[in-house]
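# Coordinates for the following, if possible.
(2 chains)
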Amino acid sequence: MSEVIKIATRESYGNALKELGAEYPNLVVLDADLAAATKTGVFKKAFPERHIDCGIAECNMMGIAAGLSLTGLIPFASSFAMFAAGRAFEQVRNSIGYPHLNVKIGATHAGITVGEDGASHQCNEDIALMRTIPGMVVMCPSDDVEAKAAVRAAVEYVGPVYIRFGRAAVPVINDRPDYKFEIGKGVLLREGKDVTIVATGICVDSALTAAEMLAADGISAEVINIHTIKPLDEDIIVNSAKKTGKVVTVEEHSVIGGLGSAVCDALCAKHPVPVKKLGMQDVFGESGSASALVEKYKLDGKGVYGDVKAFLGK
Amino acid sequence: MTNLELQKMANEVRKGIVTATHAAKCGHPGGSLSAADIYTYLYFEEMNIDPKNPKMEDRDRFVLSKGHTAPGLYSALAHRGYFPVEDLTTLRKLGSYLQGHPCLQHVPGVDMSSGSLGQGISAAVGMALGARMQGKDFRVYTLIGDGESEEGQVWEACMFAGHRKLDNLCVILDYNGLQIDGKLEDVCSAEPFEDKFKAFRFHVINIDAHDFDQIRAAFKEARETKGQPTVIIAHSLKGKGVSFMEGSVDWHGKAPNDEQYAIAMADLEKVGEALCQK
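Residues are numbered from 1 along each chain as shown, chains lettered A, B, ... in the order given. Next up is the predicted model:
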């Protein structure tokens, strides 16, 4: 087997911005004194005149992004998820969402894989917050390939978009010639018949690993990658639930309001089946290495495997 | 327009404010009336705009950061020809495009949705920066409230505008001294305003908000000020023009009833008649 390549999706964000910056002269990037961490520094180096550091004032940054968009520019407002979706929630809601402006929000350092900084910086609520805003597209790519594709799709789409990126390096899993990204379109990664595992972000890789382990136990798991939580690809989920009759959701996010809740909303209305939501179980995170945290909160392949087996009563 | 013409128009704008809030049975007449002369000067004299083409590409922009005084903005827009003056009576009613707070997508001439205090000024700063980055020479105006200035975001925006030397930005502070809970000095005053704006690298101009000579001179000075943004601290009288609303905190967010409406309109008619004698 060839060596697994690992890249943090925040790196993908910076690289995609640099690439798209060359194609789109009206693309501008804002940051709030975190350009080195959000990786927009890569864009800044290539296009210094189009990089706007707003200082440590995220609420104002969102307003500035709104104003810039109204002059024909395509702004990417960047910060940690905690501050982009959390601190500046109301600015995103009222200054970007309500007027439905063409502003893109690049939120890095989402979830517990922020690691050592601890709970204050580990945002497990951003998907829930962002998906309540009417008209907001919410994406959570699973690897480098998908993250770059999501950024490109966001530029091509007209309207507000929130994209969630991670701090930790994660395996590249979508590197195949036929890979295609479409906003709002889920991806069937593995067919199965006993249970459906719906995952987003870095948990897609965990779901694939878990499916491998389950297969060794004679359990056939279907794996669906939901890179766009809103608008949700309800059909792919409902069709799979009809086949397997059981659904497990996996996300590096609170089980309240995120992917799991979105999937339950769809299934409740269209095809109710038992659902197990894996993620942060209404708790704050803590300091530790990303890998130690993912293991502790059972979001790695082994953790997902164990919880799926328990859910299936096997 | 001459000062007399502006005064007459401002009086009509005030009638529109009173009529709209009376019809809505709610809304914010006090702070709309205090800024009526500013709205009038901006839309009838200062800004490069075209009511026939509200989205004209390189038009000057206005953001009403103190968005609750939408009746003032709507009345000025209506009188300027963006939409029928008669529509002002649909303010705040179900199905009306005249939402309680300015809405970019529904109201012709509104350049930014606003109402949540502290946010409009940031968008205005973004517009000013966008103009500069693209080498466009349009100007951006934003009206903020004195009570609104208790929001930290106002000063985040000022910090940025001063740092970036955005001389195409003109902030107008409607300094009427009153907010919902009472006088600024009793609630939580952000004074000294002048020192604060100077500390944030603004050029500061103080004027009487109801004197068109001073208003005219201030906007000219703002246009001519280079290398820093300008703030016009417009010392105003809340409820200006309506006898029982003047200087009264009670009329921040309350509409006149039928009887009060009649008195208010009589007050304004009297002002109008006096102006016609000039």
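
# B:Ala128 contacts B:Leu166, doesn't it?
Yes. Contact criterion CB atoms under 8 Å: B:Ala128 and B:Leu166 qualify, at 4.5 Å. C-beta coordinates here come from the backbone N, C-alpha and C atoms, glycine included.

# shared neighbours of the two, which are they?
Listed contacts common to B:Ala128 and B:Leu166 are B:Pro229; contacts here mean CB atoms under 8 Å, 6 or more residues apart in numbering or on different chains.

# of these two, who's got more company?
More crowded of B:Ala128 and B:Leu166, by other CB atoms under 10 Å in any protein chain shown: B:Ala128, with 29 against 25.

# Does stretch A:14-31 reach chain B?
Yes. With CB under 8 Å from any CB of the partner chain as the measure, stretch A:14-31 is seen reaching chain B through A:Val28.

# Residues in contact with that stretch: which ones?
Applying CB under 8 Å, 6+ apart, the contact partners of stretch A:14-31 are A:38-47, A:50-54, A:61, A:64-65, A:68, A:72-79, A:106, A:147-148, A:151-152, A:155, B:133.

# which SS class is whatever residue of the stretch 101-250 of chain A ends up closest to chain B?
Closest residue of the stretch 101-250 of chain A to chain B, CB to the nearest CB: A:Leu101 (8.2 Å). Under DSSP: H, G, I helix; E, B strand; the rest coil, the three-state class of A:Leu101 is coil.

# quick one, helices of chain A?
A:9-23, A:35-38, A:41-46, A:58-69, A:81, A:89-91, A:126-131, A:144-156, A:203-216, A:234-244, A:259-270, A:290-296, A:301-312 (DSSP state H).

# elements contacting the lengthiest helix in chain B?
When chain B is scanned for its longest helix (criterion: DSSP H), the result is helix B:3-24. Packed against helix B:3-24, as judged by 3 or more CB pairs under 8 Å, 6 or more residues apart in numbering or on different chains; DSSP states H and E, are the following elements: helix B:29-34, helix B:36-41, helix B:70-80, helix B:212-224, helix B:258-277.

# quick one, whichever strand or helix holds B:Trp155 and helix A:58-69 angle?
Following DSSP states H and E, one finds B:Trp155 within helix B:152-163. Here helix B:152-163 points in a direction 60 degrees away from that of helix A:58-69 (axes from the mean of the first three to the mean of the last three CA atoms, to 10 degrees).

# is the next helix or strand after helix B:152-163 up against chain A anywhere?
On the C-terminal side of helix B:152-163, the nearest following helix or strand under DSSP H and E is strand B:169-175. No. Under the criterion of CB under 8 Å from any CB, strand B:169-175 makes no contact with chain A; the nearest approach is 10.2 Å.

# how far out from the middle of the chain is strand B:169-175?
Centroid separation between strand B:169-175 and its chain, computed with CA atoms, centre = their mean, to the nearest Å, is 8 Å.

# Name the residues that touch it?
Under CB under 8 Å, 6+ apart, the answer for strand B:169-175 is B:31, B:34-35, B:38, B:66, B:69, B:121, B:124-125, B:128, B:139-146, B:149, B:158, B:161, B:193, B:202, B:209, B:219, B:222-223, B:229-236.

# what are the pairing partners of the next helix-or-strand element following it, and which direction each?
Next in sequence after strand B:169-175, counting helices and strands by DSSP H and E, comes strand B:178-179. Applying DSSP bridges to the sheet, strand B:178-179 is found paired with strand B:182-183 (antiparallel).

# what's the nearest residue to A:Lys277 if we skip its chain neighbours?
The shortest distance from A:Lys277 to any non-neighbouring residue, by CB to CB, 6 or more residues apart in numbering or on different chains, is to A:Gly260 (3.3 Å).

# With A:Gly135 instead?
A:His100 (5.2 Å).

# want to throw the helices and strands packed on helix B:3-24 into JSON lines with distance to B:Leu117?
Shown next, in JSON lines, are those (distance: least, CB to CB, whole Å):
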{"stretch": "helix B:29-34", "distance to B:Leu117": "12"}
{"stretch": "helix B:36-41", "distance to B:Leu117": "18"}
{"stretch": "helix B:70-80", "distance to B:Leu117": "13"}
{"stretch": "helix B:212-224", "distance to B:Leu117": "23"}
{"stretch": "helix B:258-277", "distance to B:Leu117": "26"}
